[in-house]
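>>> Dropping a prediction and its sequence here:
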Amino acid sequence: MRTPFPIHRKHFPWRGGNRFELLVDGEQFFPAMLAAIEAAHHYVLLEMYLFESGAVADRFNAALGNAAGRGVRVHVLLDDFGARGLSSADRQRLLAAGVHLAFYNPLDYGKLRRNLWRDHRKLLVVDDGVAYTGGTGITDEFAPTLPRPWHDIMLAVRGPCVADWRTAFAQLWNRTRDGKQAPLRPPMTKTSPASRTKSGPAFGRVTLNNPLRMEIKRSLLKRLRTAQYRIWVATAYFIPSWKIRRALYQAARRGRDVRLLLPGSYTDHPSVRHAGRRYYGKLLAAGVRIFEYQPRFLHAKLLLCDNWVSIGSSNIDRWNFRWNLEANQEAQNHALAEELAAQFETDFDQSREILAGEWHHRAWYHRLLERFWGTIELWLERFSQRKP
């Protein structure tokens, strides 16, 4: 059976000379992404899971259409399930403007479990100058005009890693497009002066995940096992595998500062939160500190181990690793790590820390919800492991 994702034969290597910039929440990353599209000269590559009609989508559709009208080659790759909220009128508007539009793994009831394969990656690549990755979607849930917009972080990447992001997009585009779409053959343009020069001291690497090659998970496990002083993790959905849980237990028992930043009661999937909370007891007993973010829905996916950083689309949950295409930007850089650590501290201050004594005396109905949704999650896990 032909898989709907490319089988990557080689890992992307570590590359020096990159610059990284943290962009916190829609009020920072949406203007930056739109400005990059509006300044494009050669190409715009946009790959998203969530893309829903609304005020944010209107701004991006206009910018993408204007770029195509200037002669810029614009390719938009959306997950077919995640883009259910994109209206037919908006789809036709993009096509009429000259945007090349494709949808990953179109839903088909006849394909049964094959429908579970989803493209969860979030990336924007513009010319050879900049790439953006993180956890956002093109949806009004992240709009800064909302009273409680979702909390997320994007990373702007400049330097040699941009070419790897371009290659990652092209590989999946060529696997997904139908016969009406032209293939992409990276590199699409000559390397720009901005990419040729050493734009900064930071080393970076692009890591990809698909159900047959779990680079992000393996990289995380390696860092959890070798961290010297700090392991801070933020994830919107927390249902870790046994290997990840064991690595967290062992790191905390070795005296490492292990902290989890997780959503509080404000979440789009309460069932997933309850299923993940059943692990709190053993994590707290091992010395892991757990913080639940209170002001808004925490949608960020952030990994910080010593001075190693990984930011992208991947959550820490079994379903994510088993069925989704994911992409993260890794970096080994003290300045970026400390900037991210400062953001973590800000978020910890706005969170409720779960203490072991308090947790053991939680209400009976919380225990019931954890057991119920934990059972459902285990059933789904067993179902997903069955051979098609």
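Everything's here; your move. Residues are numbered from 1 along each chain as shown.
>>> Tell me which residue is most central in the protein.
Here the mean C-alpha position of the chain is nearest to the C-alpha of residue 313 (Cα atoms, centre = their mean), at a distance of 0.9 Å.
>>> Distance of residue 70 relative to residue 83?
Plainly put, residue 70 is 25 Å away from residue 83 if you go by Cβ to Cβ, to the nearest Å. Any C-beta I mention is one placed from the backbone N, CA and C, and that applies to glycine too.
>>> Return the residues in contact with the residue nearest to the centre of the chain.
Shown in contact with residue 313 (Cβ atoms under 8 Å, 6 or more residues apart in numbering): 49, 120-122, 133-135, 301, 324, 326-328.
>>> Now do the same contact list for residue 374.
Taking Cβ under 8 Å, 6+ apart as the test, what residue 374 contacts is 274-275, 278.
>>> how about a cut-off of 10 Å?
239, 271, 274-279 (Cβ atoms under 10 Å, 6 or more residues apart in numbering).
>>> Mind checking which of those are in strands?
residue 239 (DSSP state E).
>>> So for residue 70 and residue 83, which residue has more residues nearby?
Ranked by neighbour count (other Cβ atoms under 10 Å), residue 70 and residue 83 place residue 83 first, with 25 against 12.
>>> that older thread, of all pairs in the contacts of residue 374, which one spans the longest distance?
271 and 279 (15.0 Å; Cβ to Cβ).
>>> more crowded one of those two?
Per other Cβ under 10 Å, whichever of residue 271 and residue 279 has more neighbours is residue 279, with 19 against 14.
>>> Can you give me the neighbour number for residue 365?
Residues lying near residue 365 (other Cβ under 10 Å) number 8.
>>> Are we agreed that it is in a helix?
Yes - under DSSP: H, G, I helix; E, B strand; the rest coil, residue 365 falls within a helix.
>>> State the pLDDT value of it.
For residue 365, the model assigns a pLDDT of 73.
>>> So it versus residue 352, what's the distance?
Distance from residue 365 to residue 352, by Cβ to Cβ: 18 Å.
>>> how close does residue 266 get to residue 55?
According to Cβ to Cβ, residue 266 and residue 55 sit 21 Å apart.
>>> no wait, residue 222
With Cβ to Cβ as the criterion, residue 222 and residue 55 are 42 Å apart.
>>> Equivalent analysis for residue 376, please.
When residue 376 is compared with residue 55 (using Cβ to Cβ), they lie 35 Å apart.
>>> With residue 298 instead?
22 Å.
>>> now do residue 362
Taking Cβ to Cβ, one finds residue 362 at 39 Å from residue 55.
>>> next one: residue 121
Relative to residue 55, and taking Cβ to Cβ, residue 121 is found at 24 Å.
>>> If you count surrounding residues, which of the two has more?
Using other Cβ under 10 Å, the more surrounded residue of residue 121 and residue 55 is residue 121, with 26 against 11.
>>> Strands of the stretch 151-300 of the chain, start to end?
Assignment of strands within the stretch 151-300 of the chain using DSSP state E, counting those that start in this stretch yields the ranges 153-158, 202-210, 213-214, 230-234, 238-239, 257-263, 289-293.
>>> could the ones you listed be laid out in CSV, adding mean neighbour count?
Converted to CSV, the strands of the stretch 151-300 of the chain look like this (neighbours: other Cβ atoms under 10 Å):
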stretch, mean neighbour count
strand 153-158, 24
strand 202-210, 23
strand 213-214, 18
strand 230-234, 24
strand 238-239, 25
strand 257-263, 22
strand 289-293, 21
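>>> export those strands to JSON lines and tack on mean pLDDT and distance to residue 102?
Below are those laid out as JSON lines (pLDDT from 0 to 100; distance: least, Cβ to Cβ, whole Å):
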{"stretch": "strand 153-158", "mean pLDDT": "98", "distance to residue 102": "23"}
{"stretch": "strand 202-210", "mean pLDDT": "94", "distance to residue 102": "17"}
{"stretch": "strand 213-214", "mean pLDDT": "84", "distance to residue 102": "22"}
{"stretch": "strand 230-234", "mean pLDDT": "98", "distance to residue 102": "31"}
{"stretch": "strand 238-239", "mean pLDDT": "93", "distance to residue 102": "30"}
{"stretch": "strand 257-263", "mean pLDDT": "98", "distance to residue 102": "32"}
{"stretch": "strand 289-293", "mean pLDDT": "98", "distance to residue 102": "35"}
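>>> and of those strands, who's closest to residue 14?
Going by Cβ to Cβ, the one of these nearest residue 14 is strand 202-210, 4.6 Å.
>>> Quick check: neighbours of that closest one in the sheet, parallel or antiparallel?
Strand 202-210 has its sheet partners listed here by DSSP bridges as strand 15-24 (antiparallel), strand 213-214 (antiparallel), strand 324-332 (antiparallel).
>>> Enumerate every residue touching residue 333.
18-20, 200-204, 307-309, 339-340.
>>> phi, psi of it?
Phi and psi for residue 333, reported as degrees, to the nearest 10, are phi -160, psi 130.
>>> start at 25 instead
Taking 25 as the first residue, the last one we looked at is residue 357.
>>> Tell me, what's the model's pLDDT at it?
pLDDT for residue 357: 94.
>>> cool, the one 10 residues further on as well?
Taken from the predicted model, the pLDDT recorded for residue 367 is 98.
>>> For residue 39, see how far away it is.
From residue 367 across to residue 39, the span is 24 Å (Cβ to Cβ).
>>> so where's the stretch 175-324 of the chain uncertain?
Scanning the stretch 175-324 of the chain for pLDDT under 70 picks out the ranges 201-207, 209-224.
>>> Mind jotting down where the helices sit in it?
185-200, 217-220, 239-250, 266-277, 294-301, 304-310 (DSSP state H, counting those that start in this stretch).
>>> Deepest-packed of the ones you listed, please.
A comparison of these by mean neighbour count, using mean count of other Cβ atoms under 10 Å, puts helix 185-200 on top with a mean of 22.
>>> could you check the angle strand 39-48 makes with it?
80 degrees (axes from the mean of the first three to the mean of the last three Cα atoms, to 10 degrees).
>>> now the angle from helix 185-200 to strand 177-182?
Going by the same axes, to 10 degrees, helix 185-200 makes 110 degrees with strand 177-182.
>>> correct me, but residue 37 touches residue 187?
No - the pair residue 37 and residue 187 does not pass the contact test of Cβ atoms under 10 Å, sitting 11.3 Å apart.
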